[in-house]
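1. predicted model and sequence follow; I will ask about them next.
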Amino acid sequence: MSLVRLGIRENLAQFSLLVLVNAFVGAMVGMERTILPEIAEREFALAAKTAVLSFIVVFGVTKAFTNYLAGRLSDAFGRKHVLVVGWLVAVPVPFLLMWAPSWGWVLFANLFLGVSQGLTWSTTVIMKIDLAGPKKRGLAMGLNEFAGYFAVAASALATGLIAARYGLRPEPFYLGVVFVAVGLLLSVVLVRETKGHVLAESAAHGSLPPEGLPSQREVFWRTSFSDKDLSSVTQAGLVNNLNDGMAWGLFPLFFAAWGMDLERIGTLAAIYPATWGMGQLFTGAWSDRVGRKWLIAGGMWLQAAGIAVVVSASGFVGFAVGAALLGLGTAMVYPTLLAAIGDVAHPTWRASAVGVYRLWRDLGYALGALLAGVIADFFGLPVAMWWVAALTFTSGVVVAVRMSETVKRKA
């Protein structure tokens with residue numbers, strides 16, 4: 001135990017490796033963001049927006065519940081084992097997407113993708129929190145989410161360019177085969193277990209929290225509802241991914257309705273996660289210095305403004321400005337939410353709290369896709385986007401009123 005040290009610098013090689021692994025995790029999602037709504041409409045003739053967005057519902061629900069399990073599984077069996085299993089589950093995904101004979105097969109692929117993302121992304125988050133210790137938690141989450149979402153953007157841009165040149169299938173999904181192969185190889189050969197770092201941090205805190213080790217039910221209730229800080233974070237995470245689910249599914253259709261071609265749609269689809277990814281290089285560390293609460297509230301309000309700009313615009317420049325504002329707001333929120341969970345939860349039940357938070361957060365994908373799809377089918381795309389903007393603004397108000405500053409609080 002004396003050989004185990006906490007800190008990003010002290011664990012730089014392993015921390016950097018996990019950043020790289022999470023980039024491949026993010027790239028797996030990015031390959032869908034530009035072209036899957038187009039595939040739904042062009043190849044499978046799905047007209048209803050609810051049907052088009054059904055792949056996000058399947059992805060969001062399976063990822064959410066897998067997130068919940070990932071924390072418990074990583075505590076029980078070790079982080080590395082869960083990470084490797086997550087990559088194995090991803091192996092069929094690119095092949096299903098490139099050769100799917102019906103939309104049902106695309107949904108089946110997204111079930112596998114959701115399970116894989118829940119296991120791999122959750123585990124890289126937990127492992128980086130383990131390695132970083134309490135002092136640089138925001139920086140650790142910023143680096144993790146930067147890698148994941150910058151890779152989402154790069155993958156979205158690349159698949160859009162490939163689709164514009166070669167067609168929607170199968171060529172864009174060849175990238176997915178490479179992402180799975182490299183991610184799995186790195187995880188099996190080079191990634192090391194981090195549970196020893198949890199034991200070291202727990203020893204510094206005391207082996208158990210003062211009130212004793214809570215049950216899983218207690219952790220769920222505390223993170224979801226009863227603890228004002230944890231539950232404020234959780235609802236903000238849910239609404240954040242609700243608007244991301246809307247953006248993932250409706251933005252490409254909205255841009256196409258305004259005459260954007262696949263190459264321009266791919267560029268616009270990349271601006272939002274690229275800004276989100278790059279911004280997190282700074283916002284995570286910034287939250288370590290200035291606190292979590294107002295970065296979260298302000299970020300939610302900026303997201304709402306970004307959606308409003310997109311829906312009010314009528315050309316590429318306006319769409320790009322709105323997407324960048326949405327990305328910047330999300331960059332303020334995303335790593336800060338995870339860091340706040342780490343501030344409040346004791347190391348002995350932190351992985352479980354992260355799992356509960358990520359359960360609710362990624363259910364936002366499904367809720368966003370369903371809400372946006374139903375409203376769009378009845379009232380049109382702009383009305384659906386305005387509704388999501390209003391919900392996002394309201395979520396920021398909840399944080400401003402209910403949440404206290406967690407960075408000063410001892411976990």
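-> The structure has been received and is ready for your questions. Only a predicted model underlies this, so the values are computations on that prediction, with no experimental measurement involved.

2. can you list contacts of stretch 291-305?
-> 138, 233, 236, 239-240, 243, 283, 286-287, 325-326, 328-333, 336-337, 339-340, 343, 389-390, 392-393, 395-397, 399-400, 403-408 (CB atoms under 8 Å, 6 or more residues apart in numbering). Placement of C-beta: from N, CA and C, glycine included.

3. spit out the contact partners of the nearest residue to Val29 once chain neighbours are set aside.
-> Of all residues not flanking Val29 in the chain, Val152 sits nearest, at 5.5 Å (CB to CB, 6 or more residues apart in numbering). Contacts for Val152 (CB under 8 Å, 6+ apart) come out as Gly26, Ala27, Val29, Gly30, Arg33, Pro273, Gly277.

4. show me which of these are buried.
-> Gly26, Ala27, Val29, Gly30, Arg33, Pro273, Gly277 (16 or more other CB atoms under 10 Å).

5. which single one of these is nearest to Gln14?
-> Gly26 (19.0 Å; CB to CB).

6. now do the contacts for the closest one.
-> Contacts of Gly26 by CB under 8 Å, 6+ apart are Trp121, Ala147, Gly148, Tyr149, Phe150, Ala151, Val152, Ser155.

7. what about the closest residue in space to Met28 that isn't next to it in sequence, which helix or strand?
-> Nearest residue to Met28 in three dimensions, chain neighbours excluded: Phe179, at 5.3 Å (CB to CB, 6+ apart). Taking DSSP states H and E as the criterion, the element that holds Phe179 is helix 174-189.

8. do Lys80 as well
-> helix 79-90.

9. what packs against that helix?
-> For helix 79-90, the packing partners by 3 or more CB pairs under 8 Å, 6 or more residues apart in numbering; DSSP states H and E come out as helix 54-77, helix 103-132, helix 174-189.

10. would you mind finding the most buried of those helices?
-> Comparing the helices and strands packed on helix 79-90 by mean neighbour count (mean count of other CB atoms under 10 Å), helix 103-132 ranks first with a mean of 25.

11. circling back: okay if I get the helices and strands packed on helix 79-90 as TSV plus mean pLDDT and distance to Ile307?
-> Compiled in TSV, the helices and strands packed on helix 79-90 are given as follows (pLDDT from 0 to 100; distance: least, CB to CB, whole Å):
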stretch	mean pLDDT	distance to Ile307
helix 54-77	88	16
helix 103-132	93	24
helix 174-189	97	29
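
12. could you dump these to a markdown table with distance to Ser226?
-> Output for the helices and strands packed on helix 79-90, formatted as a markdown table (distance: least, CB to CB, whole Å):
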| stretch | distance to Ser226 |
| --- | --- |
| helix 54-77 | 18 |
| helix 103-132 | 22 |
| helix 174-189 | 36 |
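
13. ok, which of the ones you listed comes nearest Val356?
-> helix 54-77 (6.4 Å).

14. by contact count, what packs against that closest one?
-> helix 79-90, helix 103-132, helix 228-257, helix 350-379.

15. which SSE is immediately downstream of the shortest one?
-> Put plainly, it is helix 79-90. helix 93-99.

16. would you mark the buried spots in that next one?
-> Using 16+ other CB under 10 Å as the burial criterion, the residues of helix 93-99 that qualify are Val93, Pro94, Leu96, Leu97, Met98.

17. ok, residues contacting that helix?
-> 28, 31-32, 36, 105-106, 108-109, 112-113, 116, 169-170, 173-177, 179-180.

18. again, only this time at 6 Å
-> Trp105, Ala109, Phe112, Leu113, Arg169, Pro170, Phe173, Gly176, Val177 (CB atoms under 6 Å, 6 or more residues apart in numbering).

19. same question, stretch 138-151
-> Contacts of stretch 138-151 (CB under 6 Å, 6+ apart): 19, 22-23, 25-27, 125, 128, 132, 273, 276-277, 280-281, 283-285, 287-288, 334-335, 338-339.

20. also stretch 306-316?
-> By CB under 6 Å, 6+ apart, stretch 306-316 touches Phe319, Val321, Gly322, Leu325, Leu326, Gly329, Pro382, Met385, Ala389.
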